[in-house]
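1. Quick one, structure for this:
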Amino acid sequence: MPSTTYETLHERMLTETLPNGLTVHLVPKKGYSKAYAVFTTRYGSLDNHFRVDGEPEQRVPDGIAHFLEHKLFEEEWGDIFHTFATNGASANAYTSHHRTAYLFSATSKVEENLETLVDFVQRPYLTPENVEKEKGIIEQEIRMYDEMPFWRGYRHLLENLFVKSPVRIDIAGTADSIREITPKELLKCYHAFYHPSNMVLAVVGDIDAERLMTLVRENQAKKQFSPPRAIARYFEDEPTALNRARSEIRMPVSRPLILLGWKEQHTLDGLGQLRRELVMQLVQDVLFGHASALFQDLLDAGVIDESFSCDYEVGPAYGFSFIASETDEPERFETAVRETIAKAIADGLAGEDFERARRKQLGEYLHALNSPEAIANQLTEVAIKQADFFRVPELIASLTLEEANDALRGHYQLDHTAASLVLPSGEAPAEDEE
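-> Next up, the predicted model:
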């Protein structure tokens with residue numbers, strides 16, 4: 001069985017691609033009380049326009065990947081959560097823009113829970129009745145998120161940034177789009193994207209890796225799968241221009257919330273996306289991190305508080321970043337951010353700031369190695385980008401200041417900055433987009 005030892009990190013990973021195409025990664029962590037497993041497919045909310053080799057091109061309703069995530073937990077006899085709970089495991093799942101993941105953590109009965117995980121994901125139970133019932137449940141979930149100020153502001157920001165990319169649409173879809181979903185469409189998407197060759201399984205913890213690999217081999221050998229087929233995903237060309245520069249909505253919040261965002265278009269492959277993500281994390285840390293002049297100045301002046309955050313996301317054909325905070329002075333916040341970015345574009349990042357951010361990034365990576373949960377989630381996230389999670393330190397070490405400054409200047413186009421504001425209900429916005 002192929003096994004790789006990462007001497008510097010004191011880690012070992014067993015990897016095998018089974019005859020049906022499923023890739024399995026097992027990471028033994030001696031002495032850890034909890035085991036954590038993630039079973040993920042390269043299928044997310046963006047995949048609403050695709051073609052499977054040998055079949056016609058397909059367009060499906062928004063939110064269908066998230067809908068499938070919900071439905072797979074239902075069996076003919078009841079809810080699979082009960083089985084996990086009986087075996088002492090905690091189970092969950094999530095859908096992102098580019099993948100869906102099913103997971104459990106357990107301190108015992110890892111083998112039983114692993115079989116449960118692999119079996120229920122590979123055994124869809126869909127009927128007209130249970131699909132129709134789920135629509136009401138997901139509509140309630142959409143309404144619940146719509147009542148969260150940050151989520152509303154974030155969704156409006158993506159709608160402001162993107163004109164055509166499906167990243168502008170809520171991962172759960174809309175109330176209208178999910179009403180269009182049928183069992184036939186769910187099965188069509190399931191068979192397209194849940195083939196073992198499009199999936200990755202990872203288990204991390206104090207496990208008998210050889211025994212678990214045998215268990216997974218035997219489990220998969222008992223099942224029948226069609227031959228793997230290539231999947232073509234289609235995305236419309238995203239214009240450079242924003243959909244709109246600004247939106248303002250009113251909600252029952254005590255302080256205004258402002259989000260500023262920037263988008264990018266690219267043709268990067270999976271490894272290129274990972275490298276871009278790492279370098280943009282360094283750029284954001286230098287510009288906006290807790291050690292930055294911007295953060296300290298705004299915090300000392302009382303303009304921002306612990307709600308301050310920033311992030312960058314990259315996926316197939318898209319990338320975007322945002323910076324956000326609750327603040328009583330949104331105009332002052334926006335001006336300070338714009339001035340910080342403009343100065344960085346003109347002067348470039350300082351070498352010592354870049355190296356400090358790189359050391360911090362590496363430290364955070366090494367800290368994550370203490371968590372089976374972090375390893376399993378990041379390992380599968382990196383694996384679907386055709387990269388090795390345990391080689392990430394080498395990627396971090398290879399990043400250059402020149403590369404960071406190129407990314408900075410390419411990403412932050414100040415004349416293409418989108419703003420999303422959530423204002424207290426009693427304060428009339430200048431222009432209500434709602």
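
2. so who does residue 351 touch?
-> Contacts here follow Cβ atoms under 8 Å, 6 or more residues apart in numbering; on that basis residue 351 touches residue 401. (Glycine included, C-beta is placed from N, CA and C.)

3. Return the residues in contact with residue 308.
-> 295, 298, 299, 323, 324, 325.

4. for residue 54, what are its contacts?
-> residue 229.

5. ok, back up a step: give me the PyMOL select line for the contacts of residue 308, limited to the buried ones.
-> In PyMOL, this line selects whichever of these come out buried by 16 or more other Cβ atoms under 10 Å:
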select buried, resi 295+298+323+324+325
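
6. Pretty sure residue 116 sits against residue 85.
-> No: assessed by Cβ atoms under 8 Å, residue 116 is found out of contact with residue 85, at 10.8 Å.

7. what about residue 38, how many neighbours?
-> By the criterion of other Cβ atoms under 10 Å, residue 38 has 26 neighbours.

8. For the strand or helix carrying it, which helices and strands make contact with it?
-> Using DSSP states H and E, the element containing residue 38 is strand 35-41. Applying 3 or more Cβ pairs under 8 Å, 6 or more residues apart in numbering; DSSP states H and E, one finds that strand 35-41 makes contact with strand 100-106, helix 110-121, strand 199-205, helix 372-383.

9. Buried deepest among those, which one?
-> Comparing the helices and strands packed on strand 35-41 by mean neighbour count (mean count of other Cβ atoms under 10 Å), strand 199-205 ranks first with a mean of 27.

10. Would you mind pulling the contact partners of the next helix or strand after that one?
-> Next along the chain after strand 199-205, taking DSSP H and E as the criterion, comes helix 209-221. Applying Cβ under 8 Å, 6+ apart, the contact partners of helix 209-221 are 1, 14, 16, 18-20, 22, 24, 26-28, 110-111, 114-115, 118-119, 196, 201, 203.

11. list the buried ones in stretch 221-235?
-> Buried residues in stretch 221-235 (16+ other Cβ under 10 Å): 225, 231, 233, 235.

12. Kindly check the end-to-end length of stretch 55-62 for me.
-> Stretch 55-62 has its terminal residues 20 Å apart, counting by Cα to Cα, to the nearest Å.

13. would you list every one of the helices in the stretch 151-300 of the chain?
-> Assigned helices in the stretch 151-300 of the chain, in chain order: 175-179, 183-193, 209-221, 270-288, 293-300 (criterion: DSSP state H, counting those that start in this stretch).

14. between these, which one is nearest to residue 413?
-> Minimum separation from residue 413 across those (Cβ to Cβ) falls at helix 270-288, 14.0 Å.

15. Could you pull up the mean pLDDT of that closest one?
-> The average pLDDT for helix 270-288 rounds to 97.

16. Residue 423 belongs to a strand?
-> Yes: under DSSP: H, G, I helix; E, B strand; the rest coil, residue 423 sits within a strand.

17. That one: what's it in contact with?
-> By Cβ under 8 Å, 6+ apart, the neighbours of residue 423 are 248, 249, 250, 251, 253, 256, 429.

18. Cross these against strands and list the overlap.
-> 248, 249, 250, 251 (DSSP state E).

19. Tell me what angle the strand holding residue 38 forms with strand 199-205.
-> Angle between the axes of strand 35-41 and strand 199-205 is 170 degrees (criterion: axes from the mean of the first three to the mean of the last three Cα atoms, to 10 degrees).

20. shaky segments in this structure?
-> Residue ranges of the chain with pLDDT under 70: 1, 426-434.

21. quick revisit: if we take the contacts of residue 308, which one ends up nearest to residue 347?
-> Comparing those against residue 347 with Cβ to Cβ places residue 295 closest, at 18.2 Å.

22. The helices of the stretch 151-300 of the chain: which one's closest to residue 313?
-> The nearest among these, by Cβ to Cβ, is helix 270-288 at 7.8 Å.

23. quick check: angle from the closest one to helix 372-383?
-> 120 degrees.

24. how far is helix 270-288 from where the chain is centred?
-> Centroid displacement of helix 270-288 relative to its chain, using Cα atoms, centre = their mean, to the nearest Å, is 15 Å.

25. Buried ones in it, by neighbour count?
-> Going by 16+ other Cβ under 10 Å, helix 270-288 has these buried residues: 270, 273-288.

26. Not counting its neighbours along the chain, what's nearest the spatially most central residue of the chain?
-> In the chain, the residue lying closest to the centroid (Cα atoms, centre = their mean) is residue 96, at 4.6 Å. Leaving aside its chain neighbours, residue 96 sits nearest to residue 44 (5.2 Å; criterion: Cβ to Cβ, 6 or more residues apart in numbering).
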